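1. what shape does this take:
(chains A, B, C and D)
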2 protein chains.
Amino acid sequence: MSEADLTTEQLILEAAKKVFILKGLDGTRMQEIADEAGINKSLLHYYFRSKDKLFEVIFKETVMSFAPRIFGVLNSQISLFEKIELFADTYIDLLIQNPFIPGFLVNEVAKNPYRFVAILKMNGVHPNIMRNQIRKEVEAGIIRPMKAEDLMANLISLCVFPFIAKNIFSSMLDMSEEDYMLFLAARKTEIPTFIINSIKLNKDAKTIV
Amino acid sequence: MSEADLTTEQLILEAAKKVFILKGLDGTRMQEIADEAGINKSLLHYYFRSKDKLFEVIFKETVMSFAPRIFGVLNSQISLFEKIELFADTYIDLLIQNPFIPGFLVNEVAKNPYRFVAILKMNGVHPNIMRNQIRKEVEAGIIRPMKAEDLMANLISLCVFPFIAKNIFSSMLDMSEEDYMLFLAARKTEIPTFIINSIKLNKDAKTIV
DNA sequence: GTCTATACTCTGATAGAC
DNA sequence: GTCTATCAGAGTATAGAC
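-> Below is the predicted model of the structure:
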């Protein structure tokens, strides 16, 4: 389907997503969305009634484009070490293709948590699957004693934060845009190595390098 | 000095900091700052000319309240393991007292990187001190081979991100506000344990628990 | 230095022709 | 469904009295 074949509604949604993610709810002007979509400003209201309603649609769509994949990996039935490797790989790939989304999400969720919580509840998030798996691997002596919450928070923090702090890190570490993207891609394997080295107990098993 | 003794300028700065950090540059209304300070709206312009100028002052003040402490620890002359422990402890303490600042910084730096880069340059940031220290400890066989950039990014990510994603994590992990604050405080020791377990090579040395 | 009143601009939203 | 024209409200900024 070529761009000209998109319906007006789809044109608006694409344009709105682009602008909202870049500038946030407050920073976005309806005129800018209209320009980006190549249509008239009043059409935005014709299709979506108000700026808030339009934002709501984009926000939900954005969360839903992420949440199932993320929770799918966390809730899958593979071993913990495999899960950590798979999570870092798929998640960072996703973020490389959509680098602005984490910042957008974090920012808008901070301003209005209820919007996000409602979507989570609709999707039935189950942190207990991961919690139980970690507890079992601790009891089995595969990993050292550790709270599941910390391990989950660490995994996600290590993957996501370097995307959010891209401008801060790259200027602090004096890296070019290009170098920084390579740095992020390399973390797909670096992060699992880092975590598994920290938690595994059978130090004689083959070391992941 | 009681609150009544504050000069009008100080009143404005306090109020502006509060509102800007909570709502960001775009989301903040001059009227709201004036109300918060208990003064007239036009006084804001009398003291700071424009909204942008006022924001600039707050932003710089906020960065400067953080940067010296953070870079001070990273550049200090203590051992790497001590540095990791000291960093997590002082940084997380700081964030517990100012939980909204990281989100504010990340958000505003993402929208306008130049403002931040200018302040960094003024303060002469030296990532090489930390880089050299890590390289030396790798060569000495104290820690496993690892890029300094990854270790620094990991340390900062693990400390900061759970504050930025507070609303996301606490609803995902089904924790109350109070539980989450305890969780964050416990990470002052949890994070160094996690990192040092991952990077230390002499596995026979006393384990940090 | 501080206040009131107001000018000017921008933006979200609506009315109405086609 | 799409466009032009326009309104109402909010926001930043300024003028001027005290």
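
2. tally of neighbours for the spatially closest residue to A:Ser76 that is not a sequence neighbour?
-> Among residues not flanking A:Ser76 along the chain, A:Lys83 sits closest, at 6.7 Å (Cβ to Cβ, 6 or more residues apart in numbering or on different chains). (Glycine included, C-beta is placed from N, CA and C.) For A:Lys83, the neighbour count with other Cβ atoms under 10 Å in any protein chain shown is 20.

3. what helices and strands are in contact with the helix or strand where A:Lys83 lies?
-> Using DSSP states H and E, A:Lys83 maps to helix A:80-97. With contacts taken as 3 or more Cβ pairs under 8 Å, 6 or more residues apart in numbering or on different chains; DSSP states H and E, helix A:80-97 sits against helix A:51-75, helix A:127-139, helix A:148-164, helix A:177-199.

4. list the helices and strands the third one packs on?
-> Other helices and strands packing on helix A:148-164, by 3+ Cβ pairs under 8 Å, 6+ apart, are helix A:80-97, helix A:101-111, helix A:127-139, helix A:177-199, helix B:148-164, helix B:177-199.

5. I'd like the ones you listed as JSON lines, with distance to DNA strand D and mean pLDDT appended.
-> Shown next, in JSON lines, are the helices and strands packed on helix A:148-164 (distance: least, Cβ to the nearest atom of the strand, whole Å; pLDDT from 0 to 100):
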{"stretch": "helix A:80-97", "distance to DNA strand D": "30", "mean pLDDT": "97"}
{"stretch": "helix A:101-111", "distance to DNA strand D": "15", "mean pLDDT": "94"}
{"stretch": "helix A:127-139", "distance to DNA strand D": "38", "mean pLDDT": "94"}
{"stretch": "helix A:177-199", "distance to DNA strand D": "32", "mean pLDDT": "98"}
{"stretch": "helix B:148-164", "distance to DNA strand D": "25", "mean pLDDT": "98"}
{"stretch": "helix B:177-199", "distance to DNA strand D": "28", "mean pLDDT": "98"}
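
6. now those helices as CSV including distance to B:Ile142?
-> Listed next are the helices and strands packed on helix A:148-164 as CSV, based on distance: least, Cβ to Cβ, whole Å:
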stretch, distance to B:Ile142
helix A:80-97, 25
helix A:101-111, 34
helix A:127-139, 28
helix A:177-199, 15
helix B:148-164, 13
helix B:177-199, 9
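
7. for the ones you listed, which one sits closest to A:Leu54?
-> helix A:101-111 (13.5 Å; Cβ to Cβ).

8. would you map out the domains in chain A?
-> A:3-60, A:65-199 (automatic domain parsing).

9. okay if I get these as TSV plus distance to DNA strand C?
-> Converted to TSV, the domains of chain A look like this (distance: least, Cβ to the nearest atom of the strand, whole Å):
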stretch	distance to DNA strand C
domain A:3-60	3
domain A:65-199	15
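
10. contacts for stretch A:70-77, please.
-> A:Lys83, A:Leu86, A:Phe87, A:Thr90, A:Tyr91, A:Asn123, A:Val125, A:His126, A:Ile129, A:Met130, A:Met152 (Cβ atoms under 8 Å, 6 or more residues apart in numbering or on different chains).

11. residue contacts, A:Asn154?
-> With Cβ under 8 Å, 6+ apart, A:Asn154 has these contacts: A:Ile195, B:Leu158, B:Phe194.

12. do A:Ser198 as well
-> Contacts of A:Ser198 (Cβ under 8 Å, 6+ apart): B:Phe194, B:Ile195, B:Asn197, B:Ser198.

13. same thing but at 10 Å, please
-> By Cβ atoms under 10 Å, 6 or more residues apart in numbering or on different chains, A:Ser198 lies in contact with A:143-144, A:146, A:151, A:154, B:193-200.

14. can you pick the most crowded of the residues you listed?
-> A:Asn154 (27 neighbours).

15. follow-up on the earlier one: please pick the buried ones from the contacts of stretch A:70-77.
-> A:Lys83, A:Phe87, A:Thr90, A:Tyr91, A:Val125, A:Met130, A:Met152 (16 or more other Cβ atoms under 10 Å in any protein chain shown).

16. can you list phi and psi of the fifth one for me?
-> Right, A:Val125. Dihedral pair for A:Val125: phi -80, psi 140, per degrees, to the nearest 10.

17. so it sits against A:Ala118, correct?
-> No: with contact defined as Cβ atoms under 10 Å, A:Val125 does not count as touching A:Ala118 (11.9 Å).

18. overlap in contacts of the two?
-> B:Ser171.

19. which residue is nearest the centroid of chain A?
-> A:Pro102 (5.0 Å; Cα atoms, centre = their mean).

20. which residues touch that one?
-> So A:Pro102 contacts A:66, A:91, A:94-95, A:159-164, A:166, B:106, B:161, B:164-165, B:168 (Cβ under 10 Å, 6+ apart).

21. ok, now with 8 Å
-> Going by Cβ under 8 Å, 6+ apart, A:Pro102 touches A:Leu95, A:Val160, A:Phe163, A:Ile164.

22. reformat the residues you listed as a markdown table; add distance to A:Asp35 and neighbour count.
-> Compiled in a markdown table, the contacts of A:Pro102 are given as follows (distance: Cβ to Cβ, whole Å; neighbours: other Cβ atoms under 10 Å in any protein chain shown):
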| residue | distance to A:Asp35 | neighbour count |
| --- | --- | --- |
| A:Leu95 | 28 | 19 |
| A:Val160 | 31 | 23 |
| A:Phe163 | 28 | 21 |
| A:Ile164 | 28 | 30 |
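
23. export those residues as JSON lines, with columns for distance to A:Leu43.
-> Formatted as JSON lines, those follow (distance: Cβ to Cβ, whole Å):
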{"residue": "A:Leu95", "distance to A:Leu43": "32"}
{"residue": "A:Val160", "distance to A:Leu43": "35"}
{"residue": "A:Phe163", "distance to A:Leu43": "33"}
{"residue": "A:Ile164", "distance to A:Leu43": "33"}
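
24. and which of those residues is nearest chain B?
-> The closest of the contacts of A:Pro102 to chain B turns out to be A:Ile164 (Cβ to the nearest Cβ; 5.4 Å).

25. ok, that closest one to B:Phe55 distance?
-> 21 Å (Cβ to Cβ, to the nearest Å).
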